[in-house]
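*Asks:* need a structure here:
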Amino acid sequence: MIDPVVALISAGAIVLGAIVLFWPEKGLIARVRWSKETVKRVLMEDALKHIYNCEEENITCTFHSLASKLTKEESQLNPIIKRLESLGLLVISGQGFQLTTQGRNYALRIVRTHRLWERYLAEETGVPETAWHEQAEIKEHLFTEEDANRISRQLGYPRYDPHGDPIPTASGDLPPQRGRSINHFSNGDIVQVFQIEDEPPAIYAEIIEKGIHLGVLIEILKKSKSELHVLVEGKVQTLTGLLVKNIFVQLAPDEKQLEETPQFLSSLKIGEEAEVVGISRACRGPQRRRLMDLGIVPGTAISMQMTSAGGDPKAYSIRGAMIALRKDQADFIHIQPLVEG
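*Replies:* Numbers count the residues shown, from 1 in each chain. Prediction:
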């Protein structure tokens, strides 16, 4: 004879298990199904964005290039391509693909979200710039069109992302591309950076490491077939290969002149005083606003007062107040030493 208590517990366990498995939207099966559908959607959106980028560069998008971008076997792409074709988002043309009007509009929404989120990270957070692209790659699949519109309003409807890429409007209009490859310019030209390609990440990180950011002035010193020698903020840098191809510039206006080799606040010794000339363009977002809130603006006098036991941070006197800055912060601040006499 079955114990009623055991039978009741067993029945309860069966019911609970069924709820966990089959509960609409929140059950295990529903979650697994949602996860699989999300993966499919992300792949479809990544495919649309890649085809869009190819079309922008006048490159034919093929199975091979798409498989390489999505890190999938070409055979794995067949269901994705067939789904996109059935939805009227692309057409197969010869050995490649072309977006339909509907497909291009879809791709532009993804691109818009990606670039708006990069702009948000640059202006509103302390996320390192080498991480902006990777984080935006995730957010572009999670945000709704309403989310993108909200961020755009919050940022004041920006036209370009922090790499200089144009941000599509809500209606799909694109601001004009700015600049040409730096390789198009000649020895002696002074150019201003308007766009930096952020892929591949390793190349972008190397460009940033060389002190090249949007708005920076560069003098072309020597140009050869394999490399470019340039002057960036007082330092000679050598650009090769993709570094050259990924930097887009315009001739600097006549009134803009290259600064002499800049001196940094971190170079001051105890008791020395200087005048703030400016803040490096590499410093942006909350960190730049914090320095300006501290009174670090062009024309302000600042002096180094003391060093911590470990040498970093250092204490500076500015406008009657004492502030502490780490070396990496002081390296953003350009100064002109004040000479007594």
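
*Asks:* shaky segments in this structure?
*Replies:* 1-36, 254-262, 339-341 (pLDDT under 70).

*Asks:* let me see the domain layout of it.
*Replies:* Under automatic domain parsing, the residue ranges defining each domain of the chain are 28-99, 180-251, 263-337.

*Asks:* these: which one's closest to Asp173?
*Replies:* With C-beta to C-beta as the criterion, Asp173 lies closest to domain 28-99 of the domains of the chain, at 14.4 Å. Just so you know, the C-beta spots here come from the backbone N, C-alpha and C atoms, and that holds for glycine as well.

*Asks:* follow-up on the earlier one: mean neighbour count and distance to Asp173 added to the domains of the chain, as JSON lines?
*Replies:* Converted to JSON lines, those look like this (neighbours: other C-beta atoms under 10 Å; distance: least, C-beta to C-beta, whole Å):
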{"stretch": "domain 28-99", "mean neighbour count": "15", "distance to Asp173": "14"}
{"stretch": "domain 180-251", "mean neighbour count": "16", "distance to Asp173": "18"}
{"stretch": "domain 263-337", "mean neighbour count": "16", "distance to Asp173": "26"}
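
*Asks:* can you redo those as CSV with distance to Leu155?
*Replies:* Converted to CSV, the domains of the chain look like this (distance: least, C-beta to C-beta, whole Å):
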stretch, distance to Leu155
domain 28-99, 21
domain 180-251, 16
domain 263-337, 11
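
*Asks:* the helices in the protein, which residues?
*Replies:* Here the chain has its helices, by DSSP state H, at 4-22, 28-56, 63-70, 74-86, 101-124, 132-139, 145-154, 201-209, 241-245, 285-293, 327-330.

*Asks:* nearest to Met306, out of these?
*Replies:* Set against Met306 and scored by C-beta to C-beta, the helices of the chain come closest in helix 327-330, at 13.6 Å.

*Asks:* who wins for proximity to Asp161 among the domains of the chain?
*Replies:* Here domain 180-251 is closest among these (C-beta to C-beta), at 8.9 Å.

*Asks:* ends of that closest one, what's the gap?
*Replies:* 10 Å (C-alpha to C-alpha, to the nearest Å).

*Asks:* excluding chain neighbours, what is closest to Glu219?
*Replies:* Of all residues not flanking Glu219 in the chain, Leu231 sits nearest, at 4.2 Å (C-beta to C-beta, 6 or more residues apart in numbering).

*Asks:* quick one: contacts for the one you found?
*Replies:* 218-219, 221, 237, 258 (C-beta atoms under 8 Å, 6 or more residues apart in numbering).

*Asks:* with Gln154 instead?
*Replies:* Gln154 neighbours (C-beta under 8 Å, 6+ apart): Tyr120.

*Asks:* now for the domains of the chain, which one comes closest to His133?
*Replies:* Of all those, domain 180-251 sits nearest to His133, with 4.8 Å by C-beta to C-beta.

*Asks:* and the contacts of Leu231, which two are furthest apart?
*Replies:* Distance extremes for the contacts of Leu231: the farthest pair is Gln237 and Leu258 at 13.5 Å, using C-beta to C-beta.

*Asks:* returning to that earlier point: out of the contacts of Leu231, the closest to His114 would be?
*Replies:* In terms of C-beta to C-beta, no member of the contacts of Leu231 lies closer to His114 than Ile218, at 27.0 Å.

*Asks:* surely that closest one is in contact with Phe248?
*Replies:* No. Ile218 is beyond contact range of Phe248, at 11.5 Å (criterion: C-beta atoms under 8 Å).

*Asks:* anything in contact with each of these two?
*Replies:* In terms of C-beta under 8 Å, 6+ apart, Ile218 and Phe248 are both contacted by the residues 182, 193.

*Asks:* what segments of the stretch 151-300 of the chain are strands?
*Replies:* All strands of the stretch 151-300 of the chain, identified by DSSP state E, counting those that start in this stretch, fall at 180-181, 190-196, 217-223, 227-232, 235-240, 247-251, 263-264, 273-279.

*Asks:* tabulate these (CSV), appending distance to Glu55.
*Replies:* Below are these laid out as CSV (distance: least, C-beta to C-beta, whole Å):
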stretch, distance to Glu55
strand 180-181, 19
strand 190-196, 18
strand 217-223, 30
strand 227-232, 29
strand 235-240, 28
strand 247-251, 19
strand 263-264, 44
strand 273-279, 39
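
*Asks:* kindly provide the distance from the residue nearest to Glu219 to Arg112.
*Replies:* Leu231 sits 36 Å away from Arg112, going by C-beta to C-beta, to the nearest Å.

*Asks:* just to revisit the earlier point, who wins for proximity to Glu273 among the helices of the chain?
*Replies:* Across the helices of the chain, closest to Glu273 is helix 327-330 (C-beta to C-beta), at 14.4 Å.

*Asks:* check which helices and strands that closest one sits against.
*Replies:* strand 314-318 (3 or more C-beta pairs under 8 Å, 6 or more residues apart in numbering; DSSP states H and E).

*Asks:* now the strand it packs on against strand 273-279, angle please.
*Replies:* Strand 314-318 and strand 273-279 are oriented at 90 degrees to each other (axes from the mean of the first three to the mean of the last three C-alpha atoms, to 10 degrees).

*Asks:* return the distance of strand 314-318 from the chain's centre.
*Replies:* Distance of strand 314-318 from the chain centroid (C-alpha atoms, centre = their mean, to the nearest Å) equals 32 Å.
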